[in-house]
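Novice: heads up, no residue letters with this:
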């Protein structure tokens, strides 16, 4: 399978780990990148955010804190936001941020509610976090690397 995958140009792999296994996400991204030669590997980790790695970059984005009603299709919502941004030629960081916001809003809404619009996502990303009094960073740890892409909780871009 890895030999077949290696023939795909501009391959993007996205997978997830459960919240309980969030510490495994960085190792999983490195493993999948090495095994597949993908252009990017993205691993989401629920409430712990997401991490992406390429041959030359590492990006980590936080999950947006919301009152979770359910988690059904949160990963699909993340994927939709990510792919929207990448197709619009946005940076991986910005695309992941939109994906993270999309996944968060999916979890906060009623299960049969539609996915958020781009205008809703933009408003959500730029709004100050509910109840936040600090600008403390929330990033997924990345062992063995000094590279990270931190996004303040204020979400200001």
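Specialist: Good, I have the coordinates. The structure presented is a predicted model; accordingly, all values stated were derived computationally and were not measured.

Novice: I'd like the next helix or strand past whichever helix in the chain runs longest.
Specialist: Using DSSP state H to assign secondary structure, the helix with the most residues in the chain is helix 92-108. On the C-terminal side of helix 92-108, the nearest following helix or strand under DSSP states H and E is helix 118-126.

Novice: which residue is nearest the centroid of the protein?
Specialist: Geometric centre of the chain, nearest residue: residue 50, 3.8 Å, by Cα atoms, centre = their mean.

Novice: my read: that residue touches residue 58, true?
Specialist: No: using Cβ atoms under 8 Å, residue 50 is not in contact with residue 58; the gap is 11.7 Å. C-beta: built from backbone N, CA, C; applies to glycine.

Novice: returning to what we had before: quick check, pLDDT for the residue nearest to the centre of the chain.
Specialist: pLDDT recorded at residue 50 is 96.

Novice: and it, what are its bridge partners?
Specialist: Taking DSSP bridges, one finds residue 44, residue 61 as the beta-bridge partners of residue 50.

Novice: can you pull out the strands in this structure?
Specialist: Counting by DSSP state E, the chain has strands at residues 12-16, 40-44, 50-53, 58-61.

Novice: can you give me the buried ones in the second one?
Specialist: Judged by neighbour count (16 or more other Cβ atoms under 10 Å), strand 40-44 contains these buried residues: 40-44.

Novice: equivalent analysis for the last one, please.
Specialist: For strand 58-61, the neighbour count (16+ other Cβ under 10 Å) marks 58-61 as buried.

Novice: which helices and strands does that strand pack with?
Specialist: Strand 58-61 sits against strand 50-53, helix 92-108, with contacts defined as 3 or more Cβ pairs under 8 Å, 6 or more residues apart in numbering; DSSP states H and E.

Novice: could you dump the buried residues of strand 40-44 to JSON lines with pLDDT?
Specialist: Written out in JSON lines, the entries for these read as follows (pLDDT from 0 to 100):
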{"residue": "40", "pLDDT": "96"}
{"residue": "41", "pLDDT": "96"}
{"residue": "42", "pLDDT": "97"}
{"residue": "43", "pLDDT": "97"}
{"residue": "44", "pLDDT": "96"}
